[in-house]
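**Student:** the following block contains a protein sequence and its predicted model.
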Amino acid sequence: MVKCPECAAVLDVDEGEVEEGEILSCPECEAELEVVQTHPVLLNVVSDEDLDFDEEEEEEDDVEDFDEDLYEEEEDEDR
Ligand SMILES: [Zn+2]
């Protein structure tokens, strides 16, 4: 069973039916998905904005972790 990495919809893709480098499109979110591996099937979202999006996401994750740590320390002092 293969899931769309974009929207997590289950795609009807069989290992024997696809080839590496083949482009599929998700019926749910219409994302273009490249087959990067066939055993098991691994899909990669094809997008012009992919690189920029990844960088932004990493920065946001770092900020979130830092905030959570501060909050936990404050809570401990109160108790
Ligand atoms: Zn999708």
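**Tutor:** Structure's in. What do you need?

**Student:** surely residue 76 forms part of a helix?
**Tutor:** Yes - according to DSSP: H, G, I helix; E, B strand; the rest coil, residue 76 belongs to a helix.

**Student:** need the pLDDT of it.
**Tutor:** For residue 76, the model assigns a pLDDT of 70.

**Student:** what's the local residue count around it?
**Tutor:** 7 (other Cβ atoms under 10 Å). (Each C-beta comes from the backbone N, C-alpha and C, glycine too.)

**Student:** right, and residue 24 touches residue 9 too?
**Tutor:** No - using Cβ atoms under 8 Å, residue 24 makes no contact with residue 9, being 11.8 Å away.

**Student:** list the buried ones in stretch 5-22?
**Tutor:** 6, 11, 13, 18 (16 or more other Cβ atoms under 10 Å).

**Student:** hmm, who's touching it?
**Tutor:** By Cβ atoms under 8 Å, 6 or more residues apart in numbering, the list of residues contacting stretch 5-22 from outside reads 1-4, 24, 26-29, 31, 33-41, 43-45.
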